[in-house]
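Asker: The sequence and its predicted three-dimensional model are supplied below.
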Amino acid sequence: MLLNYITWNVNPVFFSLGPLTVRWYGFLWAIGIFLALIIVQKLYKNEKLPEAWIDKQFFYVVIGTIVGARLGHCFFYEWHLLPQPVEFLGISFKYGNPYLSHPWKLLFIWQGGLASHGGAIGIMAAMYLYHRNVTHRGFVWGLDRLVIGAAATAFCIRLGNLMNSEIYGSATTLPWGFIFVRDGQTEPMHPTQIYEMLYCLVTFLVTWWLYWKKAAYKRTGLILGAFLLIVFGTRFLLEFIKLNQEAFESGMILNMGQILSIPFIVWAIWLIYDSKNHIQPEEVAPAPSNPKNPKKKKQF
């Protein structure tokens, strides 16, 4: 019997213990961050970098990711049609953002709302501070290593979206279409969470290969450029089959996800092109001393 569609009715709650409820989404976020930490530790160890740098990077990046992802969702996607347009300096505004008038609600993370583009911006801000305060090796230098682990984290986050039955695509007749019962769907939809998991896996494999097989970390910007091009280039294309996350996107030629992806794609192309001008020189080890047979100095 051929498969026509998949009925998806998974409980988003991983487990409950008394008043404590752990959702798959939060659990997979934690797993993703842990995987990134393990991966970056391996890279730093390979380059004989200080272990203290890893702990400090972990602090910077976790804070930057969560804050950036939250702010990104609130200010990129939470625009709603106003009952009455507002006139300001002769301009009519039809949409408003509730967080501008209720900024304390930015802290209500438990109500949901994290955006990957905001998370990316938060990571870049964190890595800039990390470069300035810790490594002094360069902003892009740090990202070249971090994004390999970030690809694994992104895979876990998209799996979390699948467990939440959220951020999926339009209707499809393909045999792997998912009926997301918990989100009220009655017909098969594109499981774009799985598509995004696949491109995150491809991104991880490509950046891992570039690092270990091609020593691409010696060309500053190459690994970061490859990461950005695959992730945001594919994201841009997938948005054509994804349902809009907010109502205000319905009248737009490109939705918010595509608009936010364009700068990252342009930057990726530039990084890959410019990486040939930023090749790190090979470190030459000092010649070993031989105290038993010292060279005699010439006498003049």
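Answerer: Okay, I see it.
Asker: where along this protein do the helices fall?
Answerer: Under the criterion DSSP state H, helices of the chain are mapped to 24-46, 51-76, 98-101, 116-130, 139-163, 192-214, 222-238, 256-274.
Asker: Let me have those helices in a markdown table, extended by distance to residue 18, mean neighbour count and mean pLDDT.
Answerer: C-betas here are computed from N, CA, C, even on glycine. As requested, the helices of the chain are exported to a markdown table (distance: least, Cβ to Cβ, whole Å; neighbours: other Cβ atoms under 10 Å; pLDDT from 0 to 100):
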| stretch | distance to residue 18 | mean neighbour count | mean pLDDT |
| --- | --- | --- | --- |
| helix 24-46 | 17 | 18 | 94 |
| helix 51-76 | 25 | 18 | 87 |
| helix 98-101 | 32 | 12 | 72 |
| helix 116-130 | 31 | 21 | 88 |
| helix 139-163 | 22 | 24 | 95 |
| helix 192-214 | 30 | 18 | 97 |
| helix 222-238 | 39 | 22 | 96 |
| helix 256-274 | 38 | 17 | 94 |
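Asker: In JSON lines: the ones you listed, plus distance to residue 247.
Answerer: Putting the helices of the chain into JSON lines (distance: least, Cβ to Cβ, whole Å) gives the following:
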{"stretch": "helix 24-46", "distance to residue 247": "23"}
{"stretch": "helix 51-76", "distance to residue 247": "14"}
{"stretch": "helix 98-101", "distance to residue 247": "14"}
{"stretch": "helix 116-130", "distance to residue 247": "19"}
{"stretch": "helix 139-163", "distance to residue 247": "20"}
{"stretch": "helix 192-214", "distance to residue 247": "19"}
{"stretch": "helix 222-238", "distance to residue 247": "20"}
{"stretch": "helix 256-274", "distance to residue 247": "12"}
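Asker: of all those, which lies closest to residue 244?
Answerer: The closest of these to residue 244 is helix 256-274. By Cβ to Cβ, the value is 8.3 Å.
Asker: Would you mind extracting the C-alpha trace of the closest one into PDB?
Answerer: Output in PDB follows, covering the C-alpha atoms of helix 256-274 (Å, rounded to 0.1, in the frame of the first residue of the first chain):
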ATOM      1  CA  MET A 256       9.800  38.700   6.100                       C
ATOM      2  CA  GLY A 257      11.900  35.600   6.200                       C
ATOM      3  CA  GLN A 258      13.100  36.200   2.600                       C
ATOM      4  CA  ILE A 259      13.800  39.900   3.100                       C
ATOM      5  CA  LEU A 260      15.900  39.100   6.200                       C
ATOM      6  CA  SER A 261      17.800  36.400   4.300                       C
ATOM      7  CA  ILE A 262      19.000  38.600   1.500                       C
ATOM      8  CA  PRO A 263      21.700  40.600   3.500                       C
ATOM      9  CA  PHE A 264      23.100  37.300   4.700                       C
ATOM     10  CA  ILE A 265      23.200  35.800   1.200                       C
ATOM     11  CA  VAL A 266      25.000  38.900  -0.100                       C
ATOM     12  CA  TRP A 267      27.500  38.900   2.800                       C
ATOM     13  CA  ALA A 268      28.100  35.100   2.200                       C
ATOM     14  CA  ILE A 269      29.100  35.700  -1.400                       C
ATOM     15  CA  TRP A 270      31.400  38.500  -0.400                       C
ATOM     16  CA  LEU A 271      33.000  36.400   2.400                       C
ATOM     17  CA  ILE A 272      33.700  33.500   0.000                       C
ATOM     18  CA  TYR A 273      35.200  35.800  -2.600                       C
ATOM     19  CA  ASP A 274      37.200  37.900  -0.200                       C
END
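Asker: check contacts around residue 216.
Answerer: 144, 210, 222, 223, 226 (Cβ atoms under 8 Å, 6 or more residues apart in numbering).
Asker: okay if I get those as TSV plus distance to residue 250?
Answerer: Output for the contacts of residue 216, formatted as TSV (distance: Cβ to Cβ, whole Å):
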residue	distance to residue 250
144	38
210	39
222	39
223	37
226	34
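Asker: of all those, which comes closest to residue 199?
Answerer: Nearest to residue 199 among the contacts of residue 216: residue 226, at 12.4 Å, using Cβ to Cβ.
Asker: quick one: that closest one and residue 131, what's the gap?
Answerer: Separation of residue 226 from residue 131 (Cβ to Cβ, to the nearest Å): 20 Å.
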